[in-house]
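Undergrad: next comes the sequence, and after it the predicted model I'd like to discuss.
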Amino acid sequence: RQVGKSHGHVCHVFVTGTVWKPEGGDIKAEWLVINVERAEEPLGSISLTSPDVVAIRMRGAKEVAEFVTVMNGRAYLERGGKDNIQRARAIFRPLAQRSGPVSSYLGYASGVVASFLSGRERLSALAEAEGAYRRSIALAGDDDKRWRATLQNNLGEVLTMEADQERAQARLEKLSEAERAFRDALRLRTYESAPQDYAETQANLGVAICEHAAPFFADYRRKRLAEAEQAFREALRVRARDRDSRGYAVIQNDLGTLFLNQAVQMAGDARMGKLLEAERALREALRVLTRGSTPRDCATVQGSLGAVLHSQAAQLAGPAQVKKLAEAERVFREALRMSADKAMPSVHAGIQNNLGALVMNQAELLAGEARRRKLAEGEQLLRSALLVSTCDAYPVSYATAQSNLGSLLVLQAEQLEGEARQQRLDEAERAFREALHIFTMSAFPIKHVQLVEFLRRIGKTYKEQWHMGRMVRVQDSGLLAGGLRHSEKSL
């Protein structure tokens, strides 16, 4: 009761124990906490794992009180929601420095709460999670291999999340660290000894490799994406559709995204074939997912499918292209509807960015007032995405949206004259330069080279026009727009 009152409520603890007195020794006891409840409402049974059993071999009232405190924190953690998880973090922090299991709980709580945060708050929560998992690994014994593997896997997940917040070389370093953590976990998690855990880590490894490979040039990228595909297929050995439907759907989405990245390196029929393979994987994921129970998953897969259909449209021409773009638009708008929940701002912003790029491509097929209206619609979508995808919160998404915005502003400039045209080109230049702050040569060489070329073309064009003293139509605008069309689609 005293422990419960210290956290603002009365706590009822039901324990079983064994008391014995070894010959010539002191009285000893082991306590097992069965259930922790609040007086006002039940918090439910606490399912104890191996580290808990180790932790509860306590001597004296202080150890019992500390353990009850930890169980209070776990109860808040299991209830979920931002406020409850923040309470759990506050409970775990004072005890995490000297307890490996409690440190792991702090890592988990901080990693989960990061999904509710953005900017510096998100970075701080992820940094706390990383530190907690590293401390827990250092304190863990060598005997419990399964527990060590779990900690390594969880550390890898946090490092992957941190990479999304980092720029340039720091991002690649975080992804490399994540890959090492997952491979360390797989040395202990085997298909034979722990198939479900093995599948989880293989899927995580595949994602980390994909993220690391995406910015690079052909040979390295092709090799790394093949490694990622192998990891995903290893996970599918366990996550079959009839045994783990959600896990199966998530990996199908990962495979669809991977095939989309592989298609970028291909041309002609081979490229379209790979895009059709990506479409099949994503539609299979959607068939398995239930919208009501996993809205975030459904919105993510729907957004990935829209990106694949958009890429397919780029391989077509005439009425077939128009039809495919319209199909992709419908898919994106459905994904926007699914992700409208306030709990999914980053997902929603990513879909807005992709839809803005698609609307821009639709505008390229129009003329006159219809083209102007379509470009204005695309601009609104991209600027809305940038309200969430800020440079501090999501630097890669921010740079992608800025790159798309620059492409759109160039197209708008084609319909203008004089000062208005110059103003749009200047805005496009600023957008491209903003993207270059993130897409550096060391971290994103392909995107960096593209953006530098776009800037060179824009700079040469409008400077020469002003030197001539009059504004004329950009002669290579078709080539410029064609290059921009396929530059950034937030794969």
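TA: Arrived safely, thanks for sending.

Undergrad: what about the protein, any weak spots by pLDDT?
TA: 1-65, 290-293, 460-491 (pLDDT under 70).

Undergrad: same thing but 80
TA: 1-69, 71-72, 75, 118-119, 141-144, 168, 214-218, 290-294, 341-343, 459-491 (pLDDT under 80).

Undergrad: leaving out sequence neighbours, find the closest residue to the residue sitting nearest the centre point of it.
TA: Residue closest to the average C-alpha location in the chain (C-alpha atoms, centre = their mean): Met161, at 6.3 Å. In space, and not counting its chain neighbours, Met161 is closest to Leu126: 5.7 Å by C-beta to C-beta, 6 or more residues apart in numbering. (Glycine included, C-beta is placed from N, CA and C.)

Undergrad: what packs against the helix or strand encompassing that neighbour?
TA: Leu126 is part of helix 119-139, with elements assigned from DSSP states H and E. Secondary-structure packing of helix 119-139 (3 or more C-beta pairs under 8 Å, 6 or more residues apart in numbering; DSSP states H and E): helix 82-96, helix 100-113, helix 145-163.

Undergrad: about what we covered before: roughly how far does the residue nearest to the centre of the chain sit from Ser346?
TA: Separation of Met161 from Ser346 (C-beta to C-beta, to the nearest Å): 11 Å.

Undergrad: repeat that for Ser124.
TA: Ser124 is 17 Å from Ser346, where distance means C-beta to C-beta.

Undergrad: comparing these two, which shows the higher neighbour count?
TA: Ser346 (18 against 13; other C-beta atoms under 10 Å).

Undergrad: wait, isn't that one in contact with Val388?
TA: Yes: under the criterion of C-beta atoms under 8 Å, Ser346 makes contact with Val388 at 6.4 Å.

Undergrad: shared neighbours of the two, anything?
TA: Ser118, Tyr394 (C-beta atoms under 8 Å, 6 or more residues apart in numbering).

Undergrad: give the buried residues for stretch 264-272.
TA: Val264, Arg271, Met272 (16 or more other C-beta atoms under 10 Å).

Undergrad: report the distance from that stretch to the chain centre.
TA: Remark: stretch 264-272 is offset 26 Å from the chain centroid, using C-alpha atoms, centre = their mean, to the nearest Å.

Undergrad: now whichever helix or strand Ala270 is part of: buried residues?
TA: Assessed by DSSP H and E, Ala270 sits inside helix 268-288. By 16+ other C-beta under 10 Å, the buried positions in helix 268-288 come out as 271-272, 274-275, 277-279, 281-282, 284-286, 288.

Undergrad: just the CA trace of that helix, in CSV.
TA: C-alpha atoms of helix 268-288 as CSV (Å, rounded to 0.1, in the frame of the first residue of the first chain):
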residue,chain,number,x,y,z
GLY,A,268,11.7,-1.5,-70.3
ASP,A,269,9.9,-4.8,-69.8
ALA,A,270,12.2,-5.8,-66.9
ARG,A,271,11.2,-2.7,-65.0
MET,A,272,7.5,-3.2,-65.6
GLY,A,273,7.8,-6.8,-64.7
LYS,A,274,9.3,-5.9,-61.3
LEU,A,275,6.7,-3.3,-60.7
LEU,A,276,3.9,-5.8,-61.4
GLU,A,277,5.6,-8.1,-58.9
ALA,A,278,5.6,-5.3,-56.4
GLU,A,279,1.9,-4.7,-57.1
ARG,A,280,1.1,-8.4,-56.5
ALA,A,281,2.9,-8.4,-53.1
LEU,A,282,1.1,-5.3,-51.9
ARG,A,283,-2.4,-6.4,-53.0
GLU,A,284,-1.7,-9.7,-51.2
ALA,A,285,-0.9,-7.7,-48.1
LEU,A,286,-4.1,-5.8,-48.4
ARG,A,287,-6.2,-8.9,-48.8
VAL,A,288,-4.9,-10.2,-45.4
